[in-house]
Structure formats: C-alpha cells, structure tokens
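[1] starting from these lines, generate the structure:
(chains A and B)
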Amino acid sequence: MTLPIALLGLGAVIAFAIRKRVQYAGPFTVGCLLAAIVLVVSFDAGTTTEVLGLQLRLSELAQLGALMLLGSLISLALTVWIDEPAYNFFPTALGAGAAVLAVLTLTAPIAIYGALILALLIPVGSFTFQVHRNRSYEAAFRHFSFVLLGGCLGLSALALSGSLPRDQPPATFVLLVAIIVVAFALKLAAIPFHTHAALLAMEVPASALALYFGVLVPTTFIAFAEILTLSGLLPAIVQISKVQDLLLALGTASALGGAFLATGSTELRRVTAYSVIANLGQALVGIATLSGPGIVGAIAIVLVTGAGATQQLLAAGAIERRSGADQPSATVAPLAALAFVIGGFAMIGAPPLVAFPGHFFVELIAFSYSGVLGAALVLSTLGILIAQLRAAIAIFRVAPDHWRVESRPVAGVVGTLLFLALLVGGMQPDGFLRPIAAFADEFIRALRPL
Amino acid sequence: MLMLGLVAVATLAANGAQHLRYMALAFLGVAIAAHLMAGPDISVWQAALSLAAALVTTAILFIAARDGRFGEDPGWRLWVATIVAATTTAAAFAFLRTASGEDVHVSVLGADPSGVTQQAAAFWLLSSGVAILLTARGAVRGSLGALLMLTGTQLLVQLVPGPQFALALMLAWLQIVVALAGAFLIVNERALREA
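    Numbers count the residues shown, from 1 in each chain, chains lettered A, B, ... in the order given. Below is the predicted model of the structure:
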C-alpha cells in the first residue's frame, strides 16, 4: 500500500528536477498518476500494511477517493501540459497526490492530520504568478496562514484529546471538539472563514485553483470525517448536542452564504468557488445529522463537487486565457464554455448525474431533522442553480457567427469526459455509493461503541 | 522548569527580532529548548530527528533572508503578541489541566514526568504563534508564527501514546515544508518590496 505513495513522492522529486522541460515533465506526471491509480485499484480493498508503527489501510472509500481525486489530478496535469504551461505545477501535483493518498489510507488521526496539512501547503508554490501584476502573493500568504492556523490548532486539540485522562468534565471535550471543528472550517473555507478562498478565486492561476477546490478541499472533508471516526470523540459529540449544533450552524451558514455569494457574481471562477463552498455547507449539515444517509450524502456531495469544480475551473481558465482583456465569452472557446455549463449540472446535483443521490440524501435527512433546515438546503441549491444559470447566460451572451472548436481544446474535452463519467455513475449509482456506505457503517459504529 | 524559561525567553527574542536572520537563530533556540524539555521521555533518534529538522529550518530561513538586514519590524505587535500569549497560555493551562487532580511536583533543574512544563511550553508556543501569525504584515513574521505553533504542536504530540518516531518524522517533514513555503513567500515578498 505504500508503493503508490512512494511512487508519487519519488515522482514529485524527479518532476521537480525536470520541471522546466515541460515536454518531459507533463507526460511523466500523467504517467506517474496513472500508475498510482492502477496500483491502488489492483490492491484488494481492506489491504493493510504498517510503516514505523503507523498502519495504512486501503478501505473501499480510499479506493474510490483515490480513483476520483487522482483522476482529477490527471485532468489538471494534462491541461497544464498541453494548454497552460506552468512548470511548477507538475511536482506540485505529484506531491499533492502522494499526500492525498496518505490521507486516504492512514489510520492514525494525528498522522492523517499531518498528511493533510502537508497536502494543503504543497500548492503554495503554484499559487503565486506574476506577483507584480496581481495579488497572488497576498492570496498565497493568506492561504498559508489559514492552513497553519487551522492545522496547528486542530492537531494540538487532537493531541490533547488523546493525552488527557478520560474523566474530563464535558466542557473540556466541547472545547477540544469545537477547536477541531473550527480548525477544519478554516481549512475548508466554510463561511465565515472563507476570505482566503475568495482571494484565491480571483488571483491564482486556474489550474492551481482547480487543484485546491477540486482535489484538496474534498480531501480535507474526507479527512475530517475519518478523524471524527478514528479519534474516539464521536460518543462525546453525541452526548453533548452543542458540537452538533455548531456543525449544523457552520454548515447552514456556508450552504446559504455560499449560494448567496455565488448568485451575486457572474465571474466564472467566483461562481464555481462559492458553489463549492455552498455544497460543502450542505455536506457539513449531512455529517452533523450523525445519520447513515447524511454521511453517505455528505461524502458523495464532496467527491462529485470536486470533479465538477475541476471541470468548471479548467473551463473558466481556458475561456479567460482566450478572451484576454475582454469579457469571457463562449465565442473564443465554445467547447470549454460547454464544459463549464455542463459542470454546473454536477454542482446543483441534477439527475441523472451521480451528483443527485448525495444532494437527495442530505436534503431528505435535513427535512426529517427540521423543516427549516431542509428548506435552507433547498434554498441553497436554488441559489447555486441561479448562479450557474447567470454564469452560463453571461458567457453565451454573444452568439458567434459560426461555431468552431478552439485550438487545443483540452479543457473542453476533459470537461466532457468528466461529465460522461458522472453520467455513467448516475446510471450505476451502486458502484459509487457502496464504498461510501461502507465508510458510513464505520462512522455509525464509532458513534455508538459496544 | 529551566527549559520552560528558556523557551519563553527565546520566543520573546524571536518575536522582538527585526531581522530575519536573528529571528531564525532565536527560533533555533526555541526548538532546542523545547525538545530538550522532553528529556529522557523521548528516544535519542527522535530527539536527533527533531533537532536536525530545527537546524534545516533555521538554515532555510537564514538563506531566504539573503542579507543580515532583511526582516520585519514588529513595532506594537511585539507587545500585543506577548500579552495575548501570556493570557491565553494561563487560560488554556487552567482550563485543560484542572480536572486531572494529580499532585504535581516541578523542580527547577530536574525532569518533569507529569508533563506539566511541557504542556505549559506548548500552550505558550501555540498562543505566541497564533498572536504573531494574526498580527503579521507579511511572510517574515507569518513564517515565524507558523513555526512556533508547529513546535508547540510537536510538544503536545509527544505526550500522546502511539508510534512516536513515525509522528516525529512526519512533523519534522512538516516543519521543513512550512519553512520552505515560508521562504518561498519571503522571497516573493522581497521581490514585491524591491519593485
């Protein structure tokens, strides 16, 4: 199980050495990621191994997550190689891939947290771009600060909860779990901790932004669910409703706030970034219900949202590059514009895409929890729908004289392939939902230990 | 107890330094005092690993500075960070140690098997790091705050039962990546300042 992580880690070092030869670094990166996917899929689910006393386990969710997240990384590396040469991106993608695999397979909460912070820090180098002309330095610095603030506080709270005697007053555990929740909210850019994400959305290169919102944010959410399951804190959370209330409040604020902010903008990157934040809010509500359907829906939402965000941000980048100083328009890159629009279907959870079951489960369980909560989530989805429609209208505002596919239409092709994959997943939802349900079983067992 | 004092003094020195190179040296002092505090409770290899990471971190910051004059004047931020760190440390320590009910005997020079001084140092480093990071204007003090927080986190992780060497290795790598990312941002900040 360590082989794919080692392969990607070693690949990152080699890619760093050859990064300026894009014609070699690009295919090398894609090849390493493909080999890692093949290795992960070839192992049996449940395979375990131990390194220096740390156990790694390839769960069904880890296999599914690796397939989707490394798949997103391949689409990003392909786009950067062919359409948007940025040599720093290749070692970053491989390093982030190794850290993501470590997050998905490690079983010690502190180790998972450490690997997650590593994964979130690696892209700092690919965030800065032409620092004299934009605020990408400020965006990268703010990301660095948020990740380390949340990372160190969360890791410390986790270490404290593991070392303090169990006969603590409830208030101590409330404080520690609240710190862990807020630490994750900082890293997930949940509202009101989203200011760094807003700056990133405007200032950093589209491929780096897609790496963050399409791969690292879903990984952070999965790490959050895994850490809750493995840390032994869940029984305390059940007994003390305050933590559940905090999660519900954060989730609802993000779902509504993200949707509201998305509707207020027609800038493609912002619409995507705020749609992701709104969907993450819905997923947080799903986790907060501490129920099987809520957890299945939450994980399904974040995985599909990651794929949709990758598709939309790559398309947005392609349209912006071809539009130059003009308003982004479908006339310059019709296939990328189409990919952006169909990516919106994944964002709103429209059937028959595989995005639908996640949204359906979470909204259903939210209604059974309280009518107001359910209505808030439906309102959030409506907000995302309006935002996506406005963005689509904005890029298709001007009708071209004749439709001609842009040169090097990587973003468009990748977006179309991702859409088809989500469509096929929607036709066969069992293959997608079964590994998530297996994780939900573990979560529920950890909630009420014998 | 003596090491706790050294950690506090070195943290204040790092916080008050105007030049990145002095800041880096003071951070090395913090890291050495913090890891010596754990004393015989951690293996020689683990201590060597943590100290090697601290040395590499210091070297990275030292090189990123490029000359002895580059840095960031803390100004009033020094006092805000110190006051916030002191009050938060006291609050965190009181809140998280009150229920243990154990008798604690701490000597000035001897080892502390209860881990009280280690926890106090961890809270101090975390509080100082948060205060420095939140008031930082740029990557110089931002990196210092992040590294102090990470050192505090390392002290708390040492108290958790589990595969200590593996966790120490992971945190050592994390420290180096934080230093590299910080140095990258410092270089970019300098480029902006000089433009």
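
[2] counting neighbours, what do you get for the residue of chain B found nearest chain A?
    Closest residue of chain B to chain A, CB to the nearest CB: B:P163 (2.9 Å). Glycine gets a C-beta too; all of them are placed from N, C-alpha and C. Per other CB atoms under 10 Å in any protein chain shown, the neighbour tally for B:P163 reads 19.

[3] now the residue most central in space within chain B: which helix or strand?
    The centroid of chain B falls nearest to B:L148 when counting by CA atoms, centre = their mean (2.6 Å). Taking DSSP states H and E as the definition, one finds B:L148 inside helix B:139-157.

[4] contacts only, for the closest residue to chain B within the stretch 351-450 of chain A.
    Across the stretch 351-450 of chain A, the shortest distance to chain B (CB to the nearest CB) belongs to A:A446, at 17.8 Å. Shown in contact with A:A446 (CB atoms under 8 Å, 6 or more residues apart in numbering or on different chains): A:L228, A:T229, A:L230, A:G232, A:L234, A:P235.

[5] pretty sure the first one sits against A:P235.
    I take that to be A:L228. No. Counting by CB atoms under 8 Å, A:L228 stays clear of A:P235, with 11.0 Å between them.

[6] find the nearest non-adjacent residue to A:I299, please.
    Excluding its sequence neighbours, the residue lying closest to A:I299 (CB to CB, 6 or more residues apart in numbering or on different chains) is A:I436, at 4.7 Å.

[7] and that neighbour, what pLDDT?
    Per-residue pLDDT puts A:I436 at 96.

[8] about what we covered before: when A:L228 and A:P235 are compared, which one has more neighbours?
    A:L228 (24 against 13).

[9] quick one: that one from chain B, how far?
    Distance, A:L228 to chain B, by CB to the nearest CB, to the nearest Å: 17 Å.

[10] with adjacent residues omitted, what lies nearest to that residue?
    Closest to A:L228 by CB to CB, 6+ apart is A:L234, at 5.8 Å.

[11] tell me which helix or strand of the chain sits lowest on mean pLDDT?
    Because you didn't say which chain, this covers chain A. Taking mean pLDDT, DSSP states H and E as the measure, chain A has helix A:234-239 as its least confident helix or strand, at a mean of 80.

[12] my bad, chain B
    Lowest mean confidence among the helices and strands of chain B (mean pLDDT, DSSP H and E): helix B:77-97, at a mean of 84.

[13] what about the closest residue to the residue nearest to the centre of chain B other than its chain neighbours, how many neighbours?
    Computed as CB to CB, 6+ apart, the closest residue to B:L148 that is not its neighbour in sequence is B:G129, at 3.7 Å. Neighbourhood size, B:G129 [other CB under 10 Å]: 28.

[14] and B:G129, that's in a helix?
    Yes. Under DSSP: H, G, I helix; E, B strand; the rest coil, B:G129 falls within a helix.

[15] just the pLDDT for it.
    At B:G129, pLDDT is 94.

[16] you'd agree it is up against B:G145?
    Yes. Judged on CB under 8 Å, B:G129 makes contact with B:G145 at a distance of 4.6 Å.

[17] tell me where the stretch 351-450 of chain A has helices.
    All helices of the stretch 351-450 of chain A, identified by DSSP state H, counting those that start in this stretch, fall at A:355-369, A:371-395, A:410-427, A:429-447.

[18] still on that earlier bit, the residue of chain B closest to chain A against A:L106, yeah?
    No. Judged on CB under 8 Å, B:P163 makes no contact with A:L106 at a distance of 11.0 Å.

[19] spatially central, which residue of chain A would that be?
    Nearest to chain A centroid, counting by CA atoms, centre = their mean: A:P218, 2.5 Å.

[20] who's in contact with it?
    Per CB under 8 Å, 6+ apart, neighbours of A:P218: A:G65, A:M68, A:L69, A:V302, A:L303, A:T305, A:G306.

[21] redo that, cut-off 6 Å
    A:V302, A:L303, A:G306 (CB atoms under 6 Å, 6 or more residues apart in numbering or on different chains).

[22] which among the residues you listed gets closest to chain B?
    A:G306 (23.0 Å).

[23] if you count contacts, what does the host helix or strand of the closest one end up packed against?
    Assigned by DSSP H and E, A:G306 falls within helix A:292-323. Packed against helix A:292-323 by the contact rule (3 or more CB pairs under 6 Å, 6 or more residues apart in numbering or on different chains; DSSP states H and E) you find helix A:60-82, helix A:206-210, helix A:217-231, helix A:268-288, helix A:334-348, helix A:355-369, helix A:410-427, helix A:429-447.
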